[in-house]
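Need a 3D model of the following:
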Amino acid sequence: MRINPTGQDLLSLSRQTLLDELLPLLPESAHYTARMIANSMAIAQRQLQAGDLQRQQQLLSIQAWQQAAGRAPSQSTEAAWQDLSHAISSGLLDGESDLAQQGRDLLWQLTLSRVAESAPRMLPK
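Residues are numbered from 1 along each chain as shown. From the prediction side, this is the model:
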């Protein structure tokens, strides 16, 4: 069992301190860098909060498409993304076939899940 504060709590506190206390003290030329660090901390916080659930969901989604495409299901998220990349570059998602449309739909869902983690404000409400 972990003792409080958790890693998430520490990231949140550090991020707020950076934005509220340190950023105003920094020269204007360093504001972009400080905000970039704060945004990276927010992404890490969301990743900690989600745990491995998002990666597992991505793997399951890609595996389902791989099976529909007659491809061997990948055993890891990294391998699944690599196989999907090869499918795209080989033209498997081109055209009007049901399989190609399913692949494009999969890409859209995967994109939305990544944006939800990295820039959730960019998603429509």
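
how far does the helix or strand that contains residue 100 sit from the chain's center?
Per DSSP states H and E, residue 100 falls inside helix 98-118. Computed by CA atoms, centre = their mean, to the nearest Å, the chain-centroid distance of helix 98-118 equals 12 Å.

Stretch 112-125 now?
Distance, centroid of stretch 112-125 to centroid of chain: 9 Å (CA atoms, centre = their mean).

coming back round to it: same question for the helix holding residue 100, mean pLDDT?
Mean per-residue pLDDT for helix 98-118: 92.

Same check on stretch 33-47?
pLDDT averaged over stretch 33-47 gives 93.

what residues are up against residue 58?
By CB atoms under 8 Å, 6 or more residues apart in numbering, the contact list for residue 58 reads 77, 80, 81, 110, 113. Placement of C-beta: from N, CA and C, glycine included.

does the residue lying closest to the last one once chain neighbours are set aside belong to a helix or a strand, and which?
I take that to be residue 113. Take residue 113 and drop its neighbours on the chain: the residue closest to it by CB to CB, 6 or more residues apart in numbering is residue 54, 6.0 Å away. Using DSSP H and E, residue 54 sits in helix 53-68.

so after that helix, what's the next helix or strand?
Next element after helix 53-68 (DSSP H and E): helix 77-89.

Report all helices and strands that that following helix contacts.
Under the contact criterion of 3 or more CB pairs under 8 Å, 6 or more residues apart in numbering; DSSP states H and E, helix 77-89 touches helix 53-68, helix 98-118.
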